[in-house]
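Engineer: Got a predicted structure plus its sequence, pasted below:
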Amino acid sequence: ETGVTQTPRHLVMGMTNKKSLKCEQHLGHNAMYWYKQSAKKPLELMFVYSLEERVENNSVPSRFSPECPNSSHLFLHLHTLQPEDSALYLCASSQELVGHLSGELFFGEGSRLTVL
Amino acid sequence: KQEVTQIPAALSVPEGENLVLNCSFTDSAIYNLQWFRQDPGKGLTSLLLIQSSQREQTSGRLNASLDKSSGRSTLYIAASQPGDSATYLCAACNQAGTALIFGKGTTLSVSS
């Protein structure tokens, strides 16, 4: 198993659908992150979890709902999205939060989301 | 609020050249800075992590430096190869130490 696994890799959904993105890390890390990557924009931080508690919520619309049931899994629940939400959603993990000595960030391959 | 800028946005060089990618950040009180590589349609691969107490880090043909006082970092790639073609992203830690803030990246093309 690779370090950080994201599923599905590609997702097409309508604006009224409900879907979820899943992230699993096999590195024994304590912190997990969701980032959004849109064309011609830098990666945007969405959510940060440390030991299953949310520590950062970067003014993300409520149609995106994160869930971290344990330190190995992170979900992003999607509901009534807009076409401008189409992007690559990247999950990452680190041993501790990035401000620590062991804060090196490791990314998954991403989930490419298209909202019609 | 931490902001990260990368120059140039794109760079094309012939194989074998040594090159430098630049990164600047606004908040010099960073905990660390990390350089990544991203191939088209893929996730990010960590290249080098520099802690705030360090001046540089090296891995193979890559060398990254950090100058906190001037708010700058550089990634030096020696003897570039076509396989080095990718987008290189710089990211600095935010003030709270909870996440990395990214620049837009430099897209490198190395021709054979």
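Structural biologist: Ah, there it is. In this text, all values refer to a predicted model and were calculated from it rather than measured experimentally. Numbers count the residues shown, from 1 in each chain, chains lettered A, B, ... in the order given.
Engineer: Let's check: the centremost residue of chain A is which one?
Structural biologist: Chain A has residue A:34 as the residue nearest its centroid, 2.8 Å off, counting by C-alpha atoms, centre = their mean.
Engineer: residues contacting that residue?
Structural biologist: A:23, A:45-47, A:66, A:74, A:76, A:89-91 (C-beta atoms under 8 Å, 6 or more residues apart in numbering or on different chains). All C-beta atoms are positioned from the backbone trio N, CA, C, and that covers glycine.
Engineer: Cross-check these against chain B and keep the overlap.
Structural biologist: Contacts with chain B within the contacts of residue A:34, counted by C-beta under 8 Å from any C-beta of the partner chain: A:45, A:90.
Engineer: Of the contacts of residue A:34, which is the nearest to chain B?
Structural biologist: Using C-beta to the nearest C-beta, residue A:45 comes nearest to chain B of those, at 4.9 Å.
Engineer: what helix or strand is the closest one on?
Structural biologist: In the assignment (DSSP states H and E), residue A:45 maps to strand A:44-50.
Engineer: what's downstream of that strand, the next helix or strand?
Structural biologist: strand A:53-57.
Engineer: between that next one and strand A:44-50, how big is the angle?
Structural biologist: 160 degrees (axes from the mean of the first three to the mean of the last three C-alpha atoms, to 10 degrees).
Engineer: Contact residues of chain B facing chain A?
Structural biologist: Checking chain B against chain A by C-beta under 8 Å from any C-beta, the hits are B:4, B:31-32, B:34, B:36, B:41-46, B:49, B:51, B:89, B:91, B:93-94, B:96-105.
Engineer: In contact with the residue of chain B at minimum distance from chain A: list those residues for me.
Structural biologist: The nearest approach of chain B to chain A comes at residue B:97, 2.2 Å away (C-beta to the nearest C-beta). Residue B:97 makes contact with A:97-100, A:103, B:31, according to C-beta under 8 Å, 6+ apart.
Engineer: Could you save those residues as TSV and add columns showing pLDDT?
Structural biologist: As requested, those are exported to TSV (pLDDT from 0 to 100):
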residue	pLDDT
A:97	86
A:98	85
A:99	82
A:100	80
A:103	84
B:31	85
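Engineer: Quick check: of the residues you listed, which has the highest neighbour count?
Structural biologist: Highest neighbour count within these: residue A:98, with 29 neighbours (other C-beta atoms under 10 Å in any protein chain shown).
Engineer: May I ask which helix or strand encompasses that one?
Structural biologist: Assigned by DSSP H and E, residue A:98 falls outside every helix and strand.
Engineer: Now it: phi and psi?
Structural biologist: Note on residue A:98: backbone dihedrals following degrees, to the nearest 10 are phi -60, psi -20.
Engineer: list the contacts for it?
Structural biologist: Here residue A:98 is in contact with A:31, A:104-105, B:31-32, B:34, B:93, B:97-100 (C-beta under 8 Å, 6+ apart).
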